[in-house]
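J.: Provide a 3D model corresponding to the input given below.
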Amino acid sequence: MKKPLLFLPLAVLLSVNLAAQDWAQLNTFRSANKTLEKSMKKEDRVVFFGNSITIGWLQTMPSFFEGKPYINRGIGGQTTPQMLVRFRQDVIDLKPEVVVILAGTNDIAGNTGPMTLEETLGNLISMTELARSNGIAVVLCSVLPASDYPWRPGMRPDLKIPELNTMIREYADQAGVVYLDYFSAMANESKGLDPELAHDGVHPTRKGYELMAERAPGSGSGIVSIRKPGVKAADAVQSLNQAGVATASRFGWIRASPHFYATEQEVQQFVELLP
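T.: Residues are numbered from 1 along each chain as shown. Purely as a prediction, here's the structure:
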């Protein structure tokens, strides 16, 4: 009668082992990706790629995604090494025009083990390079403010997040990709989030997401799509360079189509110069 009990530890170990085999959680969106390929047009597709903050956006504010070619590929708790593993399946293979990457806070929390800020940046750079080599424009987001992590206190995100954001911004400027600054618009004096923006100090409330939506692709003050039928992107870039626009070099990733993305401020600087 006691023999079945001997198999219980083995069953538990097998269960844990099976979960560990999908460390990057590739199975989460595998079926959805296959369905998406058959059901959705690919024009102007934007993938929002991230962790619980990204998937929470869809759950808390679904109206932001409805009726738009926006695809949410956030998985709660994930770190940048996990995201890098699933980048091909959940971003590249979906053939978007743009990927919006929001990641790094779980690295600082140590969700998959200790990581340096340099290692986090390295993973973000790898994702950026993979996207650009496949003709996908990149928007690198700042990590959202957090004064502490309720599930892992004492990691000092109030100090590390601003430092990481500086590194991300400097890389974005150097690489010529868009840096989307949520931190400056949301941080309080403690470099965290007020309760009205995040009930637990980390995950945004609806008001927090509304603030983020104002700066997201397609919004009036965030990343916007510029189109001029019949205009080749290469011709637009050449005109900007000839006009001496300082930010022209930032758009080296523009694809050979009349579509590209820029911040609203940058749009005001060069939109009149398009052919």
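
J.: Verify the contact between residue 149 and residue 157 for me.
T.: Yes. With contact defined as CB atoms under 8 Å, residue 149 counts as touching residue 157 (6.3 Å). (Each C-beta comes from the backbone N, C-alpha and C, glycine too.)

J.: Can you pull the residues that touch both of those two?
T.: When contacts are counted by CB atoms under 8 Å, 6 or more residues apart in numbering, the set common to residue 149 and residue 157 consists of residue 109.

J.: Give the residue from those two that has the larger number of neighbours.
T.: residue 157 (25 against 20; other CB atoms under 10 Å).

J.: Test my guess that the more buried one contacts residue 108.
T.: Yes. Applying CB under 8 Å, one finds residue 157 in contact with residue 108, separated by 5.2 Å.

J.: Would you map the helices across the stretch 101-250 of the chain?
T.: For the stretch 101-250 of the chain, helices defined by DSSP state H, counting those that start in this stretch occupy the ranges 105-109, 117-133, 157-175, 183-186, 206-213, 233-243.

J.: looking at the ones you listed, which has the lowest confidence?
T.: With a mean of 49, helix 233-243 has the lowest mean pLDDT of those.

J.: got any ranges where the chain has weak pLDDT?
T.: 1-20, 38-43, 217-275 (pLDDT under 70).

J.: what do you get if the cut-off is 50, keeping everything else the same?
T.: Under the criterion pLDDT under 50, the flagged ranges of the chain are 1-3, 5-8, 10-16, 18, 220-234, 237, 240-275.

J.: would you list every one of the strands in it?
T.: For the chain, the strands defined by DSSP state E cover 46-50, 70-74, 98-102, 137-141, 178-180, 223-227, 259-263.

J.: still on that earlier bit, kindly state which of the helices of the stretch 101-250 of the chain is positioned closest to residue 89.
T.: Checking the helices of the stretch 101-250 of the chain against residue 89 by CB to CB gives helix 117-133 as the closest, at 11.8 Å.
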